[in-house]
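**Student:** Quick one: sequence and predicted model below, then my questions.
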Amino acid sequence: MTDHAGLVGSLRSVVVGRSRELELVVAALAADRHVLLEGPPGTGKSTLLRAVSSGLGIGFEFVEGNAELTPARLVGHFDPARVLNEGYDADVFVDGPLVTALRDGSLLYVEEINRVPEETLNVLITVMSEGEITVPRLGRVGAAPGFRLVAAMNPFDAVGTARISGAVYDRVCRVAMSYQSADDELAIVDRSLGENSLDAAFRRNVVEVTRATRTHPDLRVGSSVRGAVDFAMVAGSLASLRGAPPADPSVALDAALVALSGRVRVREGGSRTAEEIITEIWQSVFGRTEDGSGGGKASAPTRGTNSR
């Protein structure tokens, strides 16, 4: 019998700052329930689910949720070339991730489930309800012990997403995941950098700038902690390239623009660019330089180019 308390304890060293969510996911899976993790991008949903799967020692079938995920791609198909020679024999069927997970008793992980077409979601609803699927010309495929659906989704207002029907919510245990605390995000950056020589104060400023993008009034979407990791890593490399300290405005501001400007979304109708907003946030944390620009240039680039 799995020691779930011991499992959660061991996973805390793998998943930073998600003790409550780890407990909820492990408890739901131990109760043989399907699970849905809902939260913004970069909050560790995939990392958590992969860690739990590994800790439980069960299989993990990954499915990328998108508009091209048809029922046939999810379930599987008969090999057309072999069908011509052998007919619709079971050996001719090519298992998709759903059938593989059912046969093996694995976790079926559907990433960004709210991007999946409705007809494909209906297949998942049937499987969650019945614990089996009937494939034309193949027959019934039942779920082996251990099979569960685990899915992740971004908030509904993200581009390309759709509302999930009540039929899905009624068949899953939902765990909401918000952004981590500042200390947890700093720990993630530290872990990602490893032996990198960036000092602690600089790393904390990097995290502060990244977190500030989520509350800026001119931004509809802020950056995830991935932006902070890239900010710090690019700053270290750029400092070496330019022969200047990472905190030098000519280095730190450019690193922030490269790492964060593509991750944020400016509110509709705004007159400012993402680069201008990132520069403002950077200045509020790192401070302005004598020329008032906040960086080593007259102004921040507006098209992703480096104007000198």
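**Tutor:** Okay, I see it. Residues are numbered from 1 along each chain as shown.

**Student:** and the helix or strand where residue 141 lies, which strands flank it?
**Tutor:** Using DSSP states H and E, residue 141 falls within strand 139-142. Partners of strand 139-142 in the sheet, by DSSP bridges, are strand 132-135 (antiparallel).

**Student:** Quick check: buried residues in the strand it pairs with?
**Tutor:** 133, 135 (16 or more other C-beta atoms under 10 Å). All C-beta spots, glycine's among them, are computed from the backbone N, C-alpha and C.

**Student:** What would it look like as CSV? C-alpha coordinates only.
**Tutor:** Taking C-alpha atoms only, strand 132-135 is exported to CSV below (Å, rounded to 0.1, in the frame of the first residue of the first chain):
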residue,chain,number,x,y,z
GLU,A,132,-14.5,2.2,-20.8
ILE,A,133,-14.7,3.1,-24.4
THR,A,134,-16.2,1.3,-27.3
VAL,A,135,-14.3,1.7,-30.6
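
**Student:** residues making contact with it?
**Tutor:** 75-76, 93, 98-99, 102, 123, 126-127, 140-143 (C-beta atoms under 8 Å, 6 or more residues apart in numbering).

**Student:** For residue 12, which non-adjacent residue is spatially closest?
**Tutor:** Spatial nearest neighbour of residue 12, chain neighbours left out: residue 19 (5.9 Å); criterion: C-beta to C-beta, 6 or more residues apart in numbering.

**Student:** and the one you found, how many neighbours does it have?
**Tutor:** 13 (other C-beta atoms under 10 Å).

**Student:** domains of this protein?
**Tutor:** 4-176, 182-286 (automatic domain parsing).

**Student:** chain center to the longest one, what's the gap?
**Tutor:** Domain 4-176 has its average C-alpha position 15 Å from the chain's average C-alpha position, going by C-alpha atoms, centre = their mean, to the nearest Å.

**Student:** Next, the distance between the ends of it.
**Tutor:** 21 Å (C-alpha to C-alpha, to the nearest Å).
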